[in-house]
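Engineer: coordinates only, no sequence provided:
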């Protein structure tokens, strides 16, 4: 019993260090410092990548809509926060929502440009709503092409 008590006390008592020694090796301090630098660098890189990804999504959506809407288009984003009143056509999902109200312009027979199509697309993020807008317009274009192929004398 006494031997086990001495063993426990000897394990709990830290070794005595010479004066001026802090008790932490230089290698451990350098490893901790290097770890902090690497974590900070990773956080900065991931934040920049996330920001550039959003910008890339916007540029891709702009380019696609420019191609799909030769007479012009416009879009307006709406971000809905928690507790905000939602439009009737909003999807029933938990969490934040983003809507894009977009319109395609077309030239009529007289050359006057007017709104040809107006839609609202939804997403859980700005990038998602922009992708939905482009997908909606691509679907419209595909349906227009199919309609043009159907014979009119049926």
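Structural biologist: Received the coordinates, thanks. The structure displayed is predicted, hence computed values, not measured ones. Numbers count the residues shown, from 1 in each chain.
Engineer: other SSEs contacting the longest helix along the chain?
Structural biologist: The single longest helix within the chain, with elements called by DSSP state H, is helix 26-68. Helices and strands touching helix 26-68, by 3 or more Cβ pairs under 8 Å, 6 or more residues apart in numbering; DSSP states H and E, are strand 73-80, helix 126-149. Backbone N, C-alpha and C define where each C-beta goes, glycine included.
Engineer: need the contact partners of the first one.
Structural biologist: Which is strand 73-80. The contact list for strand 73-80 (Cβ atoms under 8 Å, 6 or more residues apart in numbering) reads 65-66, 86, 90, 96-105, 126, 129, 133, 137.
Engineer: what about 7 Å?
Structural biologist: Under the criterion Cβ atoms under 7 Å, 6 or more residues apart in numbering, residues 65, 86, 96-105, 126, 129, 133 lie in contact with strand 73-80.
Engineer: please apply the same query to the longest one.
Structural biologist: Identification of contacts with helix 126-149 by Cβ under 7 Å, 6+ apart yields 54, 57-58, 61, 64-65, 68-69, 75, 77, 98-100, 102, 104, 117, 119, 121-123.
Engineer: I'd say residue 97 and residue 120 touch.
Structural biologist: No. Using Cβ atoms under 7 Å, residue 97 is not in contact with residue 120; the gap is 11.3 Å.
Engineer: neighbour count for those two, which is higher?
Structural biologist: residue 97 (21 against 17; other Cβ atoms under 10 Å).
Engineer: quick check: closest non-adjacent residue to the more buried one.
Structural biologist: Counting by Cβ to Cβ, 6 or more residues apart in numbering, residue 80 is the residue found nearest to residue 97 once chain neighbours are left out, at 4.7 Å.
Engineer: from residue 69, how far out is the one you found?
Structural biologist: Using Cβ to Cβ, to the nearest Å, residue 80 is found at 26 Å from residue 69.
Engineer: quick one on the thing from earlier: pLDDT at the residue nearest to residue 97, what is it?
Structural biologist: pLDDT for residue 80: 91.
Engineer: then the one 5 residues further on?
Structural biologist: Listed pLDDT for residue 85 reads 89.
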